[in-house]
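[1] Here is the input, now give the coordinates:
(4 chains)
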Protein chains: 2
Amino acid sequence: MSAEQSNFYSTQDKILIATDCIIFGFDNQSIKLLIFKRIVDPFAGEWSLIGSFVQNNESVTNAAKRVLTEITGLENVFMQQSQVYGAVERDPGARCITVGQYALIRIEDQDIELVEKHGAVWHDLDEMPNLVLDHNQLVEDALSQLRLKASYQPIGFELLPEKFTIPSLQRLYESIYQKKFDDRNFRKKIIALDVLTKLDEKDKSTSKKGAFLYKFNRRKYDRLVEKGINFKL
Amino acid sequence: MSAEQSNFYSTQDKILIATDCIIFGFDNQSIKLLIFKRIVDPFAGEWSLIGSFVQNNESVTNAAKRVLTEITGLENVFMQQSQVYGAVERDPGARCITVGQYALIRIEDQDIELVEKHGAVWHDLDEMPNLVLDHNQLVEDALSQLRLKASYQPIGFELLPEKFTIPSLQRLYESIYQKKFDDRNFRKKIIALDVLTKLDEKDKSTSKKGAFLYKFNRRKYDRLVEKGINFKL
DNA sequence: TTTTATAAATGTATTAAATACATTTAATAT
DNA sequence: ATATTAAATGTATTTAATACATTTATAAAA
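    Next up, the predicted model:
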């Protein structure tokens, strides 16, 4: 639409436009979600996603990035639009539509003081509390989209540190899909993607034997993302 | 977000919120897109998607359905959110964000008088003219999403009449993906999905021999959609 | 009535990918 | 030296994807 053209231009009341961030994080064990307890009424004390109204001088995308940086200190984070929530009565306070946008971050990268200052906490996905408004729905939708995306792009990689082990990559995928995979087949399939470089180092934090560390071959990885893979698990 | 809670509540100017429909139609030969020539300035005479501002008393979803019904006379059409376009300067006339929503319709079902009254025309996808604003981008994005969706849901079926032949189903998929498929393998794969019922009738409009008509087994079809398939072509 | 023309329909062999499954290895701690 | 434990490895089987050529049903033309 071009604003001047609509028959409805003059009759549209102010509709507020917000964005809410579904922030997924991985700590090498499981996927978690960053939420916080609202401080002010209404809904004070209730769990909520972290969001903001879109400002006059920023895009919808940038609004979400701004919020994410405010809370976690991180920039250049992978973010993806999930969908728009535009029901008339979704917010009892005002007519307000929101754009769900999910982010994938490595929890270890966060600015922990900033996160704590905002009263934000990492919550396990399988025991999410009730969130305000339709926020549980936003989480559910973002998670389905994440799963879908993980099936045709090696997207989970955004959540891993620079160096990582194959068992931790497997835990990541198991956490996204909430199910177990056969370790032999998982390893075979990941290696067949041909985007990993094996290092000479081991991570001995989870076993005596230690697991070899790997990193991504960025060139191969980007080429793979571009052409689109079928990474069904 | 809950409106009352934002720090920014008082500082948010009016941002207009619109929706634009990417209306895909199939005429048993190829996929086409419904666009129209704007009548008023700015951009008078230029090709545009069909859209509207979201009204106070309607959801974003319903705004798109309203527009679609206004133009084509159709109700209960398959519609799907594509994405939000929220760049600050995307519309020179006003700060306006839009939600792209694509629809799949059978061209034969349209109310042709209504369509003509609005000056809307069906355009081939492979020779799209320049559209106003970022509308070419909306079309491109919706088309990628349609292709993606078609790969894990038998979504193309929304575009076919109640009774259809396997060759016309194949033309549909070839039109969506803009490439040819082997007719033996295509047929094998479609039949393996086990959602089609073969009828005793033939459609002889495209050959002397005639092609058998099929229809969907709605129960099996819904079950398949629900569990999600892998329909790679 | 025979012939011609044409899209529709069918089958098989080959290759590639997914799955199922059990043992050995490397290192630390006892 | 032994016990312990996660990491690493290989193979056989099943399933799905691909490549490819001929026959069939019918209407129209001769």
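[2] What score does the most centrally placed residue in chain A have for pLDDT?
    Centroid-nearest residue in chain A, with Cα atoms, centre = their mean: residue A:103, separated by 2.9 Å. Here the pLDDT value assigned to residue A:103 is 97.
[3] and it, that one's in a strand?
    Yes - counting by DSSP: H, G, I helix; E, B strand; the rest coil, residue A:103 falls inside a strand.
[4] ok, it - contacts?
    Taking Cβ atoms under 8 Å, 6 or more residues apart in numbering or on different chains as the contact definition, residue A:103 lies against A:21, A:22, A:23, A:24, A:64, A:68, A:77, A:78, A:79, A:80. From N, CA and C alone the C-beta is placed, and that goes for glycine too.
[5] so what does the lengthiest helix in chain A touch, helix or strand wise?
    The residue-count maximum for a helix in chain A (DSSP state H) belongs to helix A:135-150. Other elements packing on helix A:135-150 under the criterion 3 or more Cβ pairs under 8 Å, 6 or more residues apart in numbering or on different chains; DSSP states H and E are strand A:16-26, strand A:78-85, strand A:96-106, helix A:166-177.
[6] Make a markdown table out of the ones you listed and add distance to DNA strand D.
    Listed next are those as a markdown table, based on distance: least, Cβ to the nearest atom of the strand, whole Å:
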| stretch | distance to DNA strand D |
| --- | --- |
| strand A:16-26 | 16 |
| strand A:78-85 | 26 |
| strand A:96-106 | 18 |
| helix A:166-177 | 4 |
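[7] Would you mind listing what in chain A touches DNA strand D?
    Residues of chain A lying close to DNA strand D by Cβ under 7 Å from any atom of the strand are A:165-167, A:183-185, A:187-188, A:202, A:206-212.
[8] can you list contacts of stretch A:181-198?
    So stretch A:181-198 is in contact with A:154, A:166-167, A:169-170, A:173-174, A:212-217, A:220-221, A:224, A:229, A:231, A:233, going by Cβ under 8 Å, 6+ apart.
[9] Let me fix that, I meant to ask about stretch A:214-233.
    A:150-154, A:157, A:162-166, A:169, A:173, A:177, A:181, A:186, A:189, A:193-199, B:230, B:232.
[10] filter those residues to the buried ones?
    A:150-154, A:157, A:164-166, A:169, A:173, A:177, A:186, A:195-196 (16 or more other Cβ atoms under 10 Å in any protein chain shown).
[11] between those residues, which is closest to residue B:50?
    The shortest approach to residue B:50 among the buried ones among the contacts of stretch A:214-233 belongs to residue A:152, at 30.6 Å (Cβ to Cβ).
[12] gap between the residue lying closest to that closest one once chain neighbours are set aside and residue A:151?
    Nearest non-adjacent residue to residue A:152, counting by Cβ to Cβ, 6 or more residues apart in numbering or on different chains: residue A:228, 5.8 Å away. Distance, residue A:228 to residue A:151, by Cβ to Cβ, to the nearest Å: 11 Å.
[13] what's the distance between the residue nearest to the centre of chain A and residue A:126?
    20 Å.
[14] Could you pick out the residues of chain A near DNA strand C for me?
    A:182-185, A:188-189, A:202, A:204, A:208-210, A:230, A:232-233.
[15] before we move on, the earlier item: among the helices and strands packed on helix A:135-150, which is the most enclosed?
    Compared across the helices and strands packed on helix A:135-150, strand A:16-26 shows the largest average neighbour count, a mean of 26 (mean count of other Cβ atoms under 10 Å in any protein chain shown).
[16] do that strand and chain B meet?
    Yes - using Cβ under 8 Å from any Cβ of the partner chain, we find that strand A:16-26 touches chain B at A:16, A:17, A:18, A:19, A:20.
[17] Go ahead and confirm the fourth one touches residue A:54.
    Yes - with contacts counted by Cβ atoms under 8 Å, residue A:19 reaches residue A:54, the gap being 6.1 Å.
[18] any residues in contact with both of these two?
    What both residue A:19 and residue A:54 touch, as defined by Cβ under 8 Å, 6+ apart, is the set A:60, A:63.
[19] how many other residues sit next to residue A:47?
    18 (other Cβ atoms under 10 Å in any protein chain shown).
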